[in-house]
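Colleague: My questions concern the predicted model and sequence given below.
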Amino acid sequence: MTEQISPARAIHGVIRVPGDKSISHRYAMLAAIAQGESEIYNYSTGADCASTLSCLEALGARHGFSNLNGHSVLKMHGKGLAGLAAPHEVLDAGNSGSTIRMLSGILAAQPFTSEIGGDESLSKRPMGRIMSPLAEMGARIDASDRQCPPLRIHGSALHGIDYSLPIPSAQVKSCVLLAGLHANGETTVRERITTRDHTEIALRELGADITLEPRFARIRGGIQLSAKRLFVPGDISSAAFFIVAALVAREADLIVTSVGLNPTRTVILDVLRSMGAMIKLLHVEEANGELIGNLQIRTSRIRGGVIEGPTTAALIDEIPILSVLGALSEEGLIVRNAAELRVKETDRIDALARNFRAMGITAATTADGIEIPGKQKFRAATVQSYGDHRIAMAFSIAGLAADGPCFIEGAEAASISFPEFYATLQEIAIV
Ligand code: S3P
């Protein structure tokens, strides 16, 4: 599908973004292995989170959607810690790295063998990072020579380990903690660089015996979780596209309501503010241990700057849209220590460089980063999503600032995390 994007004069409106993708995956998985029926409000509408639900369904955890006063409610029938059933088919994680990596932690502890794979992109993504700690816990997992999906997981009795994450990855941390929930004894995960902590918070909310300290989590195995009513905040990583659209518009006043403001995810706001962005927090509350608030964004002069080290890890999903912003900033943007971008849904460094070239933007790439000089002008062009939702959305926003209509080929990729993206864009962009 090709989307046409027309240059925008202004950005105005009050919008919502879909439920947070990371939190949705976790609530669905934990609700499936809890005892009782959980109600999950505002579950992500993205295809990735539907992949998690279909895998859980194939494992015997049934769910249904209903509507309550305009809110979507997902009911998940929990099977308890030892209640999942052997699937009759290969589990299909689609495009979703979070699904395969986190669910593998649960599958490794089941008394059956299962196989889990996904689409062409997922079949190229590295799984050695979860296979190695799970093997230490006693799991047996077969994969291709390159340690890529599909994974054949021979479930076995696991034992707790003390694991230091070699790379900053919340998916790996979550996989080990979910395996630890099923294992004998205690499992400890330590990280050098803080990553999103939604799994730890959700485990605590559902009654796990978990000790949390900065960059440290310890879980006791064998404790049953209890079903709960859960509310998923809006996805700040989806909001980021519209935040940038408003910042660079000639005229803007945008409000994004009910956005997740977990401090492990709001580094994007801190960085934007440090570059001169006018972003106000209007109202903040808490639900299930997660902060939620409304954001107001106005047109701002963005200086640009350097993103590196722990900051890169904390906003890895926002680098495509920040790179677009970098080209429009005063001083440009330098991104370092972002090798992980090369193993996302596509090689995002390469995809950024190709689309920038098509739009007449100068950028230099390195093995683990990208440098984009500031004060550049986007030329009208046809760009590609490369099958990656964040590339499709980042270059749609670039199109708003271009000197004529742009075409995004493969724009349907946006539905991986944000099926309503183009409709929302149409609502707020005044052309
Ligand atoms: C995620 C963690 C990050 C992020 C991904 C979602 C999660 O991946 O990029 O979009 O939900 O835990 P890594 O764990 O590979 O860093």
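Modeller: Sure, I can see it.

Colleague: end to end, how far does stretch 312-322 reach?
Modeller: 11 Å (C-alpha to C-alpha, to the nearest Å).

Colleague: I meant stretch 61-76, not that one.
Modeller: Stretch 61-76 has its terminal residues 7 Å apart, counting by C-alpha to C-alpha.

Colleague: what residues does it touch?
Modeller: Stretch 61-76 has contacts (C-beta atoms under 8 Å, 6 or more residues apart in numbering) with 28, 31-33, 37-43, 45, 53, 56-57, 77-79, 84, 227. Heads up, the C-betas are built off the backbone N, CA and C, glycines and all.

Colleague: Likewise for stretch 350-361?
Modeller: Residues outside stretch 350-361 that contact it (C-beta under 8 Å, 6+ apart) are 320, 323, 327, 342, 362-363, 365, 370, 372, 376-384, 386, 388, 391, 394-395, 398, 402, 406.

Colleague: from those residues, which would you call buried?
Modeller: Taking 16 or more other C-beta atoms under 10 Å as the criterion, what is buried in those is 320, 323, 327, 363, 365, 370, 372, 376, 378, 380-381, 383-384, 386, 388, 391, 394-395, 398, 402, 406.

Colleague: Please flag which of the residues you listed sit within helices.
Modeller: Residues of these located in helices (DSSP state H): 320, 323, 327, 391, 394, 395, 398.

Colleague: Show me the helices in this protein, by range?
Modeller: Under the criterion DSSP H, helices of the chain are mapped to 21-32, 47-58, 97-107, 128-136, 170-182, 198-205, 236-248, 267-274, 310-314, 319-328, 348-358, 389-400, 421-428.

Colleague: From the contact counts, what lies against the shortest one?
Modeller: With contacts defined as 3 or more C-beta pairs under 8 Å, 6 or more residues apart in numbering; DSSP states H and E, the packing partners of helix 310-314 are helix 267-274.

Colleague: Identify each buried residue in the helix it packs on, please.
Modeller: Applying 16+ other C-beta under 10 Å to helix 267-274 flags 267, 268, 269, 271, 272 as buried.

Colleague: what do you get for stretch 237-246?
Modeller: Residues 237, 238, 239, 240, 241, 242, 243, 244, 245, 246 are the ones in stretch 237-246 that count as buried (16+ other C-beta under 10 Å).

Colleague: before we move on, what about stretch 8-28?
Modeller: Neighbour-count burial for stretch 8-28 [16+ other C-beta under 10 Å]: 8, 10-13, 15-28.

Colleague: One more: stretch 350-357?
Modeller: In terms of neighbour count (16+ other C-beta under 10 Å), stretch 350-357 has its buried residues at 351, 352, 353, 354, 355, 356.

Colleague: Repeat that for stretch 299-307.
Modeller: Residues 299, 300, 302, 304, 305, 307 are the ones in stretch 299-307 that count as buried (16+ other C-beta under 10 Å).

Colleague: Reformat the residues you listed as JSON lines; add distance to the ligand and pLDDT.
Modeller: Listed next are the buried residues of stretch 299-307 as JSON lines, based on distance: C-beta to the nearest ligand atom, whole Å; pLDDT from 0 to 100:
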{"residue": "299", "distance to the ligand": "29", "pLDDT": "98"}
{"residue": "300", "distance to the ligand": "26", "pLDDT": "98"}
{"residue": "302", "distance to the ligand": "23", "pLDDT": "98"}
{"residue": "304", "distance to the ligand": "23", "pLDDT": "98"}
{"residue": "305", "distance to the ligand": "21", "pLDDT": "98"}
{"residue": "307", "distance to the ligand": "15", "pLDDT": "98"}
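
Colleague: biggest separation within those, which pair?
Modeller: Longest distance between any two of the buried residues of stretch 299-307 is 22.1 Å, between 299 and 307; criterion C-beta to C-beta.

Colleague: if we can go back for a sec, mean pLDDT and distance to the ligand added to the helices of the chain, as TSV?
Modeller: Listed next are those as TSV, based on pLDDT from 0 to 100; distance: least, C-beta to the nearest ligand atom, whole Å:
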stretch	mean pLDDT	distance to the ligand
helix 21-32	99	3
helix 47-58	98	9
helix 97-107	98	4
helix 128-136	98	8
helix 170-182	98	3
helix 198-205	98	7
helix 236-248	98	7
helix 267-274	98	12
helix 310-314	98	7
helix 319-328	98	10
helix 348-358	98	10
helix 389-400	98	9
helix 421-428	98	16
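
Colleague: I'd like these written out as a markdown table, with distance to residue 65 added.
Modeller: Shown next, in a markdown table, are the helices of the chain (distance: least, C-beta to C-beta, whole Å):
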| stretch | distance to residue 65 |
| --- | --- |
| helix 21-32 | 12 |
| helix 47-58 | 9 |
| helix 97-107 | 18 |
| helix 128-136 | 30 |
| helix 170-182 | 24 |
| helix 198-205 | 20 |
| helix 236-248 | 20 |
| helix 267-274 | 30 |
| helix 310-314 | 32 |
| helix 319-328 | 30 |
| helix 348-358 | 32 |
| helix 389-400 | 22 |
| helix 421-428 | 20 |
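
Colleague: Lovely, talk soon.
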